[in-house]
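In: Next comes the sequence, and after it the predicted model I'd like to discuss.
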Amino acid sequence: MKKFFYLFIAVFITELSLAQTEVRQVEKLKAAAALEVEKNAVLGQQINDMLFSFSELGFQEYETFNYLTTLLEKNGFKIQKGIAGIPTAWTATWGSGKPVIALGSDVDCIPKASQKPGVAYHDPIVDGAPGHGEGHNSGQALNIISALALKKIMEKEKIQGTIMLWPGVAEEVVGTKAFYVRAGYFKDVDACIFTHVGNNLGVSYGDAGNNGLVSVRFNFEGAAAHAAGAPWRGRSALDAVELMNIGWNFRREHLELTQRSHYVISDGGDQPNVVPSKAAVWYYFRERSYPNIKKLFDVGIKVAEGAALMTDTKFTYEILGSAWPGHFNKPIAEAMYANIKMVGLPAWSTEDQLLAKASQIELKAPKTDGLAVKLDTLGLPTPTGPINVMGRQLMAMGGGSDDIADISWSLPTIVLRYPSNIPGLPGHHWSNAISMATPIAHKGIVYGAKAEVMTLLDLLLKPEILANAWTYYRTEQTKELQYTPLIGEKDNPAIYLNQKIMTEYAPKLKQYYYNPAKYKTYLEQLGIQYPTVRPDQKEAVSKLEAVKK
Ligand SMILES: [Zn+2]
């Protein structure tokens, strides 16, 4: 018996030291992978600057599509084009067998957000053109340089697994991810790491505190008539649109405080002397949970019915996009955060900080202390309902949406945020493009890619993380609420969106496409001095810094 005991101890000690050696081995590989990422920094800068110069709106990311798929194909990835019936969507896979890890990031930009990078005031590259005022030009650069670093390590060390890169096409209209899920592209995927630009290196888990949404266009149809000669014979579809909006704005007072709803009139008729026989209004209905999004949508349909009744018009509606509220995986977020702590934040130059502070002052940002110098803590779950904190009822008040949530409700997923943008800017705005093709963005990508590649190695080499991730997904996240798509079976991706705008602006933007064969950076190509700040901005920054000292 005693002998048996010693044997047990011996086995235990061997296993322990084996485990320790394995841990040391993983840490060594992580350091090697981080070095590989650094070697890929120029490629990251080029991908970032290239996508910035394309400035393509959702569903029209054709240049981005060609550039990225060609690049990945050259690097040995197997490409599938036009997935889920979306011409600009693709997957790029490399490796074999399990686990399968997906790496995604959005690629589309914002209407009317054209802006010269590195310039701390409004100065568009092409006036009125779309621009990367959300920084979606950077995430693929991060994923690609981390995937290439990982590939090198996997080849050398003969590590099994498959990486699948994919783009968030048309995220600004939350137009594709639910369709990817419906078409089965994530069916065999074990985990997904999504990257999104931010102003710190961070990750969170649990309820993200944001809203999901359904994006719906209401099409009204009436009857045309001479607006002066025989107006009584007309039935104005535009009247219906206006009355729907009035109705909605009255009803707004009696909706949950967590809702966000907004609209644009996407068709208001053609000319005043023709009673508009057709008109359309496009709504986003946002709420904190799937059942509440459905309820809000039902109210919208009722209000549209009322407007049609008053104007004697007819209406139809179509879903143009959807997103669930975000919920992210705890074990993977914890693994990522441990790596984030090892990577830390980039060292910003005086020029980076000057650009950031001048931009913050220009935009009247709530804080004007420049770029982040302290790491964020791990983001914790937001309470889904009201909670009592020291006698006060607190709850998450909702906010924006991202259809990555449709993937995060289908398999363990996290979002890595990386510091390529300036804190405190309005968002979906030209100013959010200022940093996006500058050293700020470039450094953020490299630091994000290091944290990502290290986490990828964790997922490939420590099977317990994936096992725990699925346990969390099954027993906590989806215990009471399972994913039901907001899109119907007959809904199709709205791939025609933004066609007109891009037909107008793509030829104008073309002359500014980045040429890395000729110029080291896009800043150099545009002849922009880094940073470009007005004398009054420079003075304001100096004053600010003097006060702090
Ligand atoms: Zn975004």
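Out: Perfect, I can see it now.

In: how about the CA coordinates for stretch 514-532, as PDB?
Out: Presented in PDB, the C-alpha positions along stretch 514-532 are these (Å, rounded to 0.1, in the frame of the first residue of the first chain):
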ATOM      1  CA  TYR A 514      -3.000  54.000 -51.400                       C
ATOM      2  CA  ASN A 515       0.000  52.900 -53.400                       C
ATOM      3  CA  PRO A 516       2.400  51.100 -51.000                       C
ATOM      4  CA  ALA A 517       4.800  50.400 -53.800                       C
ATOM      5  CA  LYS A 518       5.500  54.100 -54.100                       C
ATOM      6  CA  TYR A 519       4.800  55.400 -50.600                       C
ATOM      7  CA  LYS A 520       5.800  54.100 -47.200                       C
ATOM      8  CA  THR A 521       2.500  55.300 -45.600                       C
ATOM      9  CA  TYR A 522      -0.700  56.800 -46.700                       C
ATOM     10  CA  LEU A 523       0.200  60.000 -44.700                       C
ATOM     11  CA  GLU A 524       3.300  60.200 -47.000                       C
ATOM     12  CA  GLN A 525       1.200  59.700 -50.100                       C
ATOM     13  CA  LEU A 526      -1.200  62.500 -49.200                       C
ATOM     14  CA  GLY A 527       1.700  64.700 -48.200                       C
ATOM     15  CA  ILE A 528       0.400  65.300 -44.700                       C
ATOM     16  CA  GLN A 529       2.700  66.500 -42.000                       C
ATOM     17  CA  TYR A 530       2.200  64.500 -38.800                       C
ATOM     18  CA  PRO A 531       0.400  65.800 -36.900                       C
ATOM     19  CA  THR A 532      -1.300  68.700 -38.700                       C
END
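
In: Need the residues that contact it.
Out: 45-46, 49-50, 52-53, 116-120, 123, 125, 351-352, 354-355, 358, 437-439, 512 (CB atoms under 8 Å, 6 or more residues apart in numbering). To be clear about C-beta, it is placed using only N, CA and C from the backbone, and glycine gets the same treatment.

In: Please, where are all the strands along the stretch 51-200 of the chain?
Out: Listed in chain order, the strands of the stretch 51-200 of the chain (DSSP state E, counting those that start in this stretch) span 78-81, 90-96, 100-106, 161-168, 191-198.

In: Report all helices and strands that the second one contacts.
Out: Taking 3 or more CB pairs under 8 Å, 6 or more residues apart in numbering; DSSP states H and E as contact, the helices and strands that strand 90-96 lies on are helix 62-74, strand 78-81, helix 139-157, strand 161-168.

In: Check which residues of it are buried.
Out: By 16 or more other CB atoms under 10 Å, the buried positions in strand 90-96 come out as Trp90, Thr91, Ala92, Thr93, Trp94, Gly95.

In: Can you tell me which of these is nearest Asp190?
Out: Using CB to CB, Gly95 is the member of the buried residues of strand 90-96 that lies nearest Asp190, at 12.4 Å.

In: do you know how far the closest one is from Lys158?
Out: Per CB to CB, to the nearest Å, Gly95 is found 11 Å from Lys158.

In: can the helices and strands packed on strand 90-96 go into TSV with extra columns for mean pLDDT?
Out: Output for the helices and strands packed on strand 90-96, formatted as TSV (pLDDT from 0 to 100):
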stretch	mean pLDDT
helix 62-74	98
strand 78-81	98
helix 139-157	98
strand 161-168	98
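
In: Let me see the contact set for the closest residue to Trp94 other than its chain neighbours.
Out: Using CB to CB, 6 or more residues apart in numbering and skipping residues adjacent in sequence, the residue nearest Trp94 is Phe77, 4.7 Å away. By CB under 8 Å, 6+ apart, the residues touching Phe77 are Ala92, Thr93, Trp94, Leu165.

In: now those in JSON lines, with distance to Gly268?
Out: Below are the contacts of Phe77 laid out as JSON lines (distance: CB to CB, whole Å):
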{"residue": "Ala92", "distance to Gly268": "41"}
{"residue": "Thr93", "distance to Gly268": "45"}
{"residue": "Trp94", "distance to Gly268": "48"}
{"residue": "Leu165", "distance to Gly268": "41"}
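
In: residue boundaries of the helices in the stretch 201-350 of the chain?
Out: For the stretch 201-350 of the chain, the helices defined by DSSP state H, counting those that start in this stretch cover 237-251, 290-311, 330-343, 350-362.

In: Just put those helices in JSON lines and tack on distance to Gln140 and mean pLDDT.
Out: Listed next are those as JSON lines, based on distance: least, CB to CB, whole Å; pLDDT from 0 to 100:
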{"stretch": "helix 237-251", "distance to Gln140": "37", "mean pLDDT": "98"}
{"stretch": "helix 290-311", "distance to Gln140": "29", "mean pLDDT": "98"}
{"stretch": "helix 330-343", "distance to Gln140": "19", "mean pLDDT": "98"}
{"stretch": "helix 350-362", "distance to Gln140": "22", "mean pLDDT": "98"}
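
In: In this protein, where is pLDDT below threshold?
Out: 1-18, 385, 393 (pLDDT under 70).

In: Next, the residue nearest to Trp94: phi, psi?
Out: Backbone torsions for Phe77, taken as degrees, to the nearest 10, come to phi -90, psi 150.

In: how close does it sit to Glu61?
Out: Going from Phe77 to Glu61 by CB to CB gives 18 Å.

In: Next: Asp123.
Out: For Asp123, the distance to Glu61 equals 24 Å [CB to CB].

In: what about the two, which has more around it?
Out: Glu61 (30 against 16; other CB atoms under 10 Å).

In: separation between the nearest residue to that one once chain neighbours are set aside and Met50?
Out: Nearest residue to Glu61, sequence neighbours excluded (CB to CB, 6+ apart): Thr88, at 4.4 Å. As judged by CB to CB, Thr88 and Met50 stand 15 Å apart.

In: Tell me which of these two has more neighbours.
Out: Thr88 (26 against 23).

In: That one reaches Glu63, doesn't it?
Out: No. Thr88 is beyond contact range of Glu63, at 9.5 Å (criterion: CB atoms under 8 Å).

In: How is this structure divided into domains?
Out: 7-209+326-381+402-506, 212-321, 514-548 (automatic domain parsing).

In: Could you dump those domains into a markdown table with distance to Met390 added?
Out: Output for these, formatted as a markdown table (distance: least, CB to CB, whole Å):
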| stretch | distance to Met390 |
| --- | --- |
| domain 7-209+326-381+402-506 | 18 |
| domain 212-321 | 21 |
| domain 514-548 | 32 |
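
In: Identify, out of the ones you listed, the most deeply packed stretch.
Out: When the domains of the chain are scored by mean count of other CB atoms under 10 Å, the highest mean neighbour count falls to domain 7-209+326-381+402-506 (a mean of 21).

In: distance between it and the chain's centre?
Out: Chain-centre distance of domain 7-209+326-381+402-506: 8 Å, with CA atoms, centre = their mean, to the nearest Å.

In: and the buried residues of strand 90-96, which two are the farthest apart?
Out: Maximum pairwise distance among the buried residues of strand 90-96 (CB to CB): 17.0 Å, between Trp90 and Gly95.

In: Name the SS class of Thr368, please.
Out: The three-state label given to Thr368 by DSSP: H, G, I helix; E, B strand; the rest coil is coil.

In: In contact with it, which residues?
Out: Applying CB under 8 Å, 6+ apart to Thr368 gives the contacts Lys357, Gln360, Ile361, Gly424, Leu544.

In: quick one: the closest residue to it other than its chain neighbours and Leu354, what's the gap?
Out: Closest residue to Thr368 apart from its sequence neighbours, by CB to CB, 6+ apart: Gln360 at 4.4 Å. In this view, Gln360 and Leu354 are 11 Å apart by CB to CB.
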